[in-house]
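Enquirer: Okay, here's the prediction I keep looking at, along with the sequence it came from:
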Amino acid sequence: MDSSTLHPHGVRTLSGRPAEVTALDHHIATHGGTTFNIEKLLSRLQFSKTHPPQTQSKRIEELVRENSYLRQKIALYQETRGALMALHVKTIKAYELLQDGLQVLSQQVAQSEKRLLNYWGIDLDDEGMEVTVI
């Protein structure tokens, strides 16, 4: 799937436009706010085309509002990226910890097997045999 058709908080159509208002957008709207996705709904766009701002001050107000939406969207993406990067760091640490644990386990199992074989009088080093360890 093309990365331009993905959206972190909602599904996109093939045209790349948001398919639906997301649950997050709806929650914001129920509290009297609005989001970029809500403002870009076809009904809102058609209304803004048929009812353009009448004065320059209204247009500036509209652009300031849109700029605010975009800043909020950037903040959301930055916070989401920060959380994902923190998860990435923790995942790498967990991987390294598991890798070290498996290495120690493998060495301990090999030593235990060698001691067991030595108990039975079998010395693999003298016979030149290799032991496969986990």
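Expert: Structure's in. What do you need?
Enquirer: in the chain, which spans are helices?
Expert: Along the chain, counting by DSSP state H, helices occupy 23-30, 36-39, 42-50, 56-119, 124-127.
Enquirer: and these, which is most packed in?
Expert: helix 36-39 (a mean of 18; mean count of other C-beta atoms under 10 Å). Placement of C-beta: from N, CA and C, glycine included.
Enquirer: pLDDT (mean, whole number) over that one?
Expert: For helix 36-39, mean pLDDT rounds to 77.
Enquirer: how close does Gln99 get to Gly82?
Expert: Note on Gln99: its distance to Gly82, by C-beta to C-beta, to the nearest Å, is 26 Å.
Enquirer: for Thr91, same thing?
Expert: Using C-beta to C-beta, one gets 15 Å for the distance from Thr91 to Gly82.
Enquirer: Same question for Thr30.
Expert: Using C-beta to C-beta, Thr30 is found at 27 Å from Gly82.
Enquirer: Please apply the same query to His51.
Expert: For His51, the distance to Gly82 - C-beta to C-beta - is 39 Å.
Enquirer: Let me see the contact set for the residue most central in space within the chain.
Expert: The C-alpha lying nearest the average C-alpha coordinate of the chain belongs to Leu84 (C-alpha atoms, centre = their mean; 5.2 Å). Residues near Leu84 by C-beta atoms under 8 Å, 6 or more residues apart in numbering: none.
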